[in-house]
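Asker: Pasting the sequence and the predicted model now:
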Amino acid sequence: MKIAGRITAEALVLASELIRPGISTKEIDTKIQRHIERCGAKPSFLGYGGFPASACISLNNEVIHGIPSKNRILTEGDIVKIDVGARYRGYNGDSARTYPVGKVSDEALRLISVTEASFYEAMKAARSGNRIGDLGFAVESFVISNGFSVVKDYVGHGVGADLHEEPEIPNFGRAGRGVRLYPGMTLAVEPMVNAGSYEVKKLRDGWTVVTKDGSLSAHYENSILITDGEPIILTDVNIS
């Protein structure tokens, strides 16, 4: 899991270095795939449920599951979400980030910042003996206090031998409710935060999810390990 996580994290670092106006999402995807394969791993997303690429790359009001294309060109002011998974010796890492393309609006920067911070609010609650609802409550409370909303139709999940495992990890909920956390659990915690309404819809391509009101959306995800103490981020380039 640590090696799969590190390869996943490295792929995101590579992606961040590629982001600029004029590059296509397909080019980013191709280089992510090459990196994962050079590391002796396989892209977890490629072919998963029929998904046609190695990374989900979503722009602006696209929440998740955007399909890379040579015709999707990044432009100044966009925000781009890149979600990556790497499978190594039977185990998966899963991680996502949201990046600005050139100079973006103050609202976009704040949305990106709040989304990342909400993940770390969940980390504070990710302790053995706590419950899944404690994570969701932490995320939603923080996001709402900052004037944004959390997506409710899509959630985080367990991750390990399968890319998506039980339990589901909603970014909302009631503290003290849900599955109890215990050491050894590996979870993909992934706040998806909208600048406007929490409502979303799926496009006709069968994959891309967008905000119903057209507002911006941001995504931040790491695979984590529950321990007897503080949780460990597995999708970290420095994990050993």
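Answerer: Alright, I've got the coordinates. Residues are numbered from 1 along each chain as shown.

Asker: thought V139 was touching Y120?
Answerer: No: at 9.8 Å, V139 and Y120 do not qualify as touching, with contact defined as CB atoms under 8 Å. C-beta coordinates here come from the backbone N, C-alpha and C atoms, glycine included.

Asker: higher neighbour count, the two?
Answerer: V139 (30 against 16; other CB atoms under 10 Å).

Asker: which stretch of helix or strand covers that one?
Answerer: Under the criterion of DSSP states H and E, V139 resides in helix 132-145.

Asker: From the contact counts, what lies against the following helix or strand past that helix?
Answerer: The helix or strand immediately downstream of helix 132-145 is strand 149-150, counting by DSSP H and E. Strand 149-150 sits against helix 132-145, strand 192-194, with contacts defined as 3 or more CB pairs under 8 Å, 6 or more residues apart in numbering; DSSP states H and E.

Asker: which of the ones you listed sits most buried?
Answerer: When neighbours are counted by mean count of other CB atoms under 10 Å, the highest per-stretch mean among those falls to strand 192-194, a mean of 28.

Asker: Any chance you could list what contacts it?
Answerer: The contact list for strand 192-194 (CB atoms under 8 Å, 6 or more residues apart in numbering) reads 63-64, 111, 114-115, 118, 143, 148-151, 154, 171, 200, 211, 215-219.

Asker: CA-only coordinates of stretch 162-170 in PDB, if you can.
Answerer: C-alpha atoms of stretch 162-170 as PDB (Å, rounded to 0.1, in the frame of the first residue of the first chain):
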ATOM      1  CA  ASP A 162      -9.800  -3.400  -4.600                       C
ATOM      2  CA  LEU A 163      -9.900   0.300  -5.700                       C
ATOM      3  CA  HIS A 164     -13.300   0.700  -4.100                       C
ATOM      4  CA  GLU A 165     -14.100  -1.200  -0.900                       C
ATOM      5  CA  GLU A 166     -16.400  -0.800   2.100                       C
ATOM      6  CA  PRO A 167     -17.000   1.300   4.000                       C
ATOM      7  CA  GLU A 168     -18.300   4.400   2.200                       C
ATOM      8  CA  ILE A 169     -16.800   7.600   3.500                       C
ATOM      9  CA  PRO A 170     -19.400  10.400   3.100                       C
END
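
Asker: Show me which parts of that stretch are buried, residue by residue.
Answerer: Buried residues in stretch 162-170, counting neighbours by 16 or more other CB atoms under 10 Å, are found at L163, H164, E165, P167, E168, I169, P170.

Asker: Mind putting the helices and strands packed on strand 149-150 into CSV with mean pLDDT and distance to A125?
Answerer: As requested, those are exported to CSV (pLDDT from 0 to 100; distance: least, CB to CB, whole Å):
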stretch, mean pLDDT, distance to A125
helix 132-145, 98, 4
strand 192-194, 98, 17
